[in-house]
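Colleague: sharing a model prediction with you, sequence too.
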Amino acid sequence: MSLGEENKAALRAMAHPVRLRIMSLLTAAPMTAAEVARELGLTHANASYHLRNLLSGGLIFVESEEKIRGGIAKRYRYDVAYEHQQRLGRGPLSDEQLRADFAAFAHELIRRTRDAHFLPSSKVLADAELWVDPQKWDEIRTRVSEALTELHHVAQAPRTPGTIRTSTTAAMFEMESE
């Protein structure tokens, strides 16, 4: 598959809103198609279809395989470092691909707010179009990126006792000067 085809496969993989939910589930622990289907209320066939799309787009990987009732079940995993490595190998995303990612994230954020439990002490909300010193911009963007990576690393399997369900969405980018 050429780099252009790989980027198109990754873009197609993000084209359905349930796939972001699947990637979130697979952040904390590897899951089979049956487990993803149960967690999200999907059919096994539907979960398998979406997992295959994410796999072909290089966004998830098969962490292991196990025998279940005479068949082989794949355990899929999402790892932010793996996805970053895959994206580096495909080259930079086009502006169109990035905009598609941002649109998918925005739609997922809207869906998540329906399940939100807004406590004054638990929410962080910010939106700004700012002019800042380039060095400060790089420092802050790096800290936010490191915090997001850490959040992915400390994620636990859905419904683990002692955990809370959270939502995190961040988009930071430099804009063209007017």
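Modeller: It's in.
Colleague: and residue 105, how far is that from residue 135?
Modeller: From residue 105 over to residue 135 the distance is 27 Å, taken as C-beta to C-beta, to the nearest Å. Glycine gets a C-beta too; all of them are placed from N, C-alpha and C.
Colleague: same question, residue 112
Modeller: As judged by C-beta to C-beta, residue 112 and residue 135 stand 34 Å apart.
Colleague: ok, these two, which is more surrounded?
Modeller: Taking other C-beta atoms under 10 Å, residue 112 and residue 135 do not tie; residue 112 has more neighbours (17 against 8).
Colleague: what comes up buried for the strand or helix carrying the more buried one?
Modeller: Element membership of residue 112, judged by DSSP states H and E, is helix 95-113. Going by neighbour count (16 or more other C-beta atoms under 10 Å), the buried part of helix 95-113 is 97, 100-101, 104, 108, 112.
Colleague: next one: stretch 70-79
Modeller: Buried residues in stretch 70-79, counting neighbours by 16+ other C-beta under 10 Å, are found at 74-79.
Colleague: which helix in the chain has the most residues?
Modeller: helix 134-154 (DSSP state H).
Colleague: just the residues contacting that helix, thanks.
Modeller: Contacts to helix 134-154, defined as C-beta atoms under 8 Å, 6 or more residues apart in numbering, come from residues 27, 79-81, 132, 168, 170, 172, 174.
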